[in-house]
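Student: Here is a sequence with its predicted model. Questions after.
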Amino acid sequence: MITGTDWFDRFFNGEIFPEGEKYHKIGPWVSGGIDSALCLFILAMYISKLKLYNFTIQPIHGYNTGDRVLKPSYQNANEIIDYIRNLYPDVVIKDSFTFAYKLEKGDMKIKYHIPNALYAREVGLIDQYVGAYTLNPPKDQMIAHDIYDDRDKRRDDLKYSNTFLTRPFAALDKKWIRDQYIKYNLEDMLPLTASCISNNQTQGPCKTCWWCKEKYWAFERY
Ligand SMILES: [Zn+2]
């Protein structure tokens, strides 16, 4: 399995997609969360350092209109995009392709996100989607931190694949993400990110939802 920065090395070398010319419009999912912010940063860093200016970035964002009533996630996503544009002004990072939907009871967000990624390809906005889904924490640590939750077990099964819907972080958990924030001095970007999806946020993150607890497990902050 090729994961983490190995994936980015191989993608920009043209090893993953031999007919690489087709894959220059990169469409990373930028959710407003901490994982996808890192993914966008790494993409921009590679393009800038390797001067691969034939690659452009088209962030994609979708949000459930019922989520995050205090500050919608697209605001976080846009602040992250602006932050990375300032770090790498030589890289073309387009305005986010943002769509809204209303999550029906029992639906998974992926039901809305994947069709919209496919639509973005269909209309020529992107050639290659990059999702920043990470692995769950180890099961024993999830149990110890009271975050072993059936709701998100599916993340254990996600694997990297050489497909349009690729996920380079699928075999890496949030402590790996934390290590990259330290490695690349991204502390200033941390406050721009939000992971909480609770509707019960009166003053910032709820500190009780799965995403809040996972972020705390890795970063010791919400
Ligand atoms: Zn929360």
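Tutor: Good, I have the coordinates. As the structure is a computational prediction, the values presented were derived from the model and not from experiment.
Student: Name whatever forms a beta bridge with F99.
Tutor: Counting by DSSP bridges, F99 is bridged to G62.
Student: Can you pull the residues of the chain lying near the ion?
Tutor: Among all residues of the chain, those adjacent to the ion (criterion: Cβ under 5 Å from the ion) are 196, 198, 205-206, 209, 212. From N, CA and C alone the C-beta is placed, and that goes for glycine too.
Student: Let's have those residues in TSV, adding secondary structure.
Tutor: Supplementary listing: the residues of the chain next to the ion in TSV, determined by DSSP: H, G, I helix; E, B strand; the rest coil:
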residue	secondary structure
C196	coil
S198	coil
P205	coil
C206	coil
C209	coil
C212	helix
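Student: By pLDDT, rank those residues and give me the bottom one.
Tutor: Of all the residues of the chain next to the ion, the one the model is least sure of by pLDDT is S198, with 74.
Student: List the single closest residue to it in space, sequence neighbours excluded.
Tutor: Nearest residue to S198 in three dimensions, chain neighbours excluded: C206, at 3.8 Å (Cβ to Cβ, 6 or more residues apart in numbering).
Student: can you check W7 too?
Tutor: P168 (3.6 Å).
Student: just to revisit the earlier point, do I have it right that the residue nearest to S198 meets C212?
Tutor: Yes: contact between C206 and C212 holds when scored by Cβ atoms under 8 Å: they sit 5.8 Å apart.
Student: shared neighbours of the two, anything?
Tutor: 196, 198 (Cβ atoms under 8 Å, 6 or more residues apart in numbering).
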